[in-house]
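Peer 1: Sharing a model that was predicted from the sequence below.
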Amino acid sequence: MPALLGRGRYTIRVHNPVPIIPDQRHELESIRSGRLWLEALGAAGMCVQRPIRSRDGDLATELESTEPGGDNIHVTIVQCIEGEPEKSRGSDHWFGIGKALGALHDHAKNWDRPDRFH
């Protein structure tokens, strides 16, 4: 069977099933929506972590609790961005951050969200 993940570094995130802030539970559809947006940002040429889909094409996986009445756990995987942290904090650094935030704002304003986006 071929490997699902290529070379590189990945981050596995286990989303908190219990709300830290009331009414802020990481619902599965909200998690999937965030990953859809990451895919769209990457497709638009922005440097973002690339979400990895499961074998069945899903952006988030729900793992059933082994405890009776326990909360199911939601898991996602992203490919890490290669590189080194920026050492300089000069005007070019801050200009780059501003430019990236502007591009993110423009994308959010103009993105044609899928029907399933939450």
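Peer 2: It's in.
Peer 1: Just read off the phi/psi values of the residue of the chain most remote from its centre.
Peer 2: Within the chain, P68 marks the point farthest from the mean C-alpha position, 29.7 Å out by C-alpha atoms, centre = their mean. Per-residue torsions, P68: phi -60, psi 130 (degrees, to the nearest 10).
Peer 1: what residues are up against it?
Peer 2: If a contact means C-beta atoms under 8 Å, 6 or more residues apart in numbering, then P68 has no contacts. Just so you know, the C-beta spots here come from the backbone N, C-alpha and C atoms, and that holds for glycine as well.
Peer 1: Next one: the residue nearest the centre of the chain, what pLDDT does it get?
Peer 2: The chain has R35 as the residue nearest its centroid, 4.3 Å off, counting by C-alpha atoms, centre = their mean. Looking at R35, its pLDDT reads 94.
Peer 1: buried set for the helix or strand hosting it?
Peer 2: Assigned by DSSP states H and E, R35 belongs to helix 28-43. Neighbour-count burial for helix 28-43, counted by 16 or more other C-beta atoms under 10 Å, picks out 28, 30-38, 40-41.
Peer 1: so what secondary structure elements neighbour that helix?
Peer 2: Packing partners of helix 28-43 (3 or more C-beta pairs under 8 Å, 6 or more residues apart in numbering; DSSP states H and E): strand 50-52, strand 73-79, helix 91-110.
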